[in-house]
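Asker: Take this sequence and fold it.
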Amino acid sequence: MRVHKTRGQAAVQLILLPPAVRKPFDGANTTCYLAQFFNAVYVMNGDASNPSAVYIYDAGAKSWSTQSVTTGTFDPSSFNAILDHDTNVFYALSKGEVFFLDLGSLKVANTTALPWVDVGKSPYPATYEPVMALAQNHIHFLDVPGTPAGDADIFVIHFSFFQPDPQSYPLPDGSAFPATHGQASSFFQESAVQQEFAFIPDDGSNTYVINVETNTTQSLAGPSTKDAKAMYAASITALVQLDSTGAVSFLPYTQGDASTNAQAKWTSVANVAAVAPPGSSSSSSNSSASGSNSPSKSSASGVKTGASGSSPTQSAGASQQIGGALSTSSGLTGFAMIVAGMLSVLGMTL
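Answerer: Numbers count the residues shown, from 1 in each chain. Here you go, the predicted model:
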């Protein structure tokens, strides 16, 4: 689906993926990630019979291919992940370990299996349910136990290490976004890395937009539908919610225009809501960066850093994740994929 301007109004172009050309999406907690500059979508847990494979949809060719992987100690049934903008590398937290999977510039699978590489231990306890967001080649972890409201832990992707101290992102009045579980989604850029991400607490009370360039936060309207199981994705100019019934709404957003953003309201997208399977509902988990299960174990020790830690080689080109990836179960078979593609392969504008 694409959302674009038509005589000053938002118009919706819906692109459906018929069952004949897509994977079954019958895996536990299927997740979809947009590689913006490769015009492709990556799908994990898209097939219950092959849960470790990465399915690649080439939007230009309208074709699917299956990339085999070697998992090692990575557990494809229990992880949270982001897709890094510059490197086109997945970073995942699985059972207390940080892993990466380098997809290079793939939009068609190759014949060589790709490995999940173990970077090292995370510093988080077993009870932590990750809330992960990507900006400036850093992974931001929110709602970390012991970290104050308004702060985020930061994992530096290019050096594969956690910064020793959290970063604060205060609101203009000195208040802070809450230390609570929620969903996070990075806003796209026309080029270069993301600078902002949205955080929506599970109670839907507000939408917080964190800017990592200015180290500040905006508080915007919370979604009309308060749904802890909702999923979110951001483009350049909008934040989109897919709720657990299959209904879709969006919040228009203009980077750098605080006064306009403060007046913005969530709007239902009827054209999309109409195609959701009747009576469907999502059983995805509440994790922020993927719909997968939260890691079941963790460690207090830090990850390997710098030269001693594992880190991928930077790839040519760039890709972009849909913020906090989209997930679905068989009740919304393929629908999350539509929403992933909606934020457009090639970008969504309002």
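
Asker: check which helix or strand covers the nearest residue to F155 once chain neighbours are set aside.
Answerer: Nearest residue to F155 in three dimensions, chain neighbours excluded: I139, at 4.2 Å (Cβ to Cβ, 6 or more residues apart in numbering). C-beta: built from backbone N, CA, C; applies to glycine. Per DSSP states H and E: I139 is located in strand 138-142.

Asker: on contacts alone, who are the packing partners of the following helix or strand past that strand?
Answerer: Counting by DSSP H and E, the next helix or strand C-terminal to strand 138-142 is strand 151-156. Of the remaining helices and strands, those touching strand 151-156 by 3 or more Cβ pairs under 8 Å, 6 or more residues apart in numbering; DSSP states H and E are strand 138-142, strand 161-162, strand 167-168.

Asker: ranges for the strands of the stretch 1-150 of the chain?
Answerer: 2-6, 9-13, 30-35, 40-44, 54-58, 63-67, 69-70, 80-83, 89-94, 97-102, 114-115, 117-121, 131-135, 138-142 (DSSP state E, counting those that start in this stretch).

Asker: Which stretch among the ones you listed is buried most, on average?
Answerer: strand 30-35 (a mean of 29; mean count of other Cβ atoms under 10 Å).

Asker: Distance from the chain centre to that one, please.
Answerer: Chain-centre distance of strand 30-35: 8 Å, with Cα atoms, centre = their mean, to the nearest Å.

Asker: Strand partners (parallel or antiparallel) of that strand?
Answerer: strand 40-44 (antiparallel), strand 326-328 (antiparallel) (DSSP bridges).

Asker: Out of these, which gets the lowest mean score?
Answerer: In terms of mean pLDDT, the lowest-scoring of those is strand 326-328 (a mean of 44).

Asker: For A262, which of the strands of the stretch 1-150 of the chain is the nearest?
Answerer: Closest to A262 of the strands of the stretch 1-150 of the chain is strand 9-13 (Cβ to Cβ; 19.3 Å).

Asker: now that closest one: mean pLDDT?
Answerer: When pLDDT is averaged over strand 9-13, the result is 35.

Asker: Do you know the pLDDT at the closest residue to V54 other than its chain neighbours?
Answerer: Leaving aside its sequence neighbours, V54 sits nearest to Q67 (Cβ to Cβ, 6+ apart; 4.4 Å). pLDDT, Q67: 97.

Asker: ditto for the one 10 residues further on
Answerer: S77 is assigned a pLDDT of 89 by the prediction.

Asker: follow-up on the earlier one: wait, what's in contact with the residue nearest to F155?
Answerer: I139 makes contact with I82, Y91, M132, A133, I154, F155, I157, according to Cβ atoms under 8 Å, 6 or more residues apart in numbering.

Asker: now, which of these sits nearest Q163?
Answerer: I154 (4.5 Å).

Asker: I'd say that closest one and F161 touch.
Answerer: No: I154 is beyond contact range of F161, at 9.6 Å (criterion: Cβ atoms under 8 Å).

Asker: follow-up on the earlier one: and the strands of the stretch 1-150 of the chain: which comes nearest D202?
Answerer: Of these, nearest to D202 by Cβ to Cβ is strand 131-135, at 9.8 Å.

Asker: burial count for the spatially closest residue to F188 that is not a sequence neighbour?
Answerer: Excluding its sequence neighbours, the residue lying closest to F188 (Cβ to Cβ, 6+ apart) is I236, at 4.5 Å. Counted with other Cβ atoms under 10 Å, residues neighbouring I236 total 18.

Asker: same check, this time on D26
Answerer: 14.

Asker: same check, this time on G256
Answerer: Under the neighbour criterion other Cβ under 10 Å, G256 is assigned a count of 10.

Asker: do L239 as well
Answerer: L239, neighbours per other Cβ under 10 Å, totals 26.

Asker: I'd assumed A230 was in contact with it.
Answerer: No: between L239 and A230 there is no contact under Cβ under 8 Å: 11.4 Å.

Asker: Tell me where the protein has helices.
Answerer: Along the chain, counting by DSSP state H, helices occupy 258-263, 270-273, 335-342.

Asker: so where's the stretch 201-350 of the chain uncertain?
Answerer: 271-350 (pLDDT under 70).

Asker: try it again with 50
Answerer: 273, 275-311, 313-350 (pLDDT under 50).

Asker: and if you look at the stretch 51-200 of the chain?
Answerer: Those would be none, if you go by pLDDT under 50 across the stretch 51-200 of the chain.

Asker: same thing but 80
Answerer: 85-86, 126, 190-192 (pLDDT under 80).

Asker: re the thing from before, which one among the contacts of I139 gets closest to S224?
Answerer: A133 (22.3 Å).
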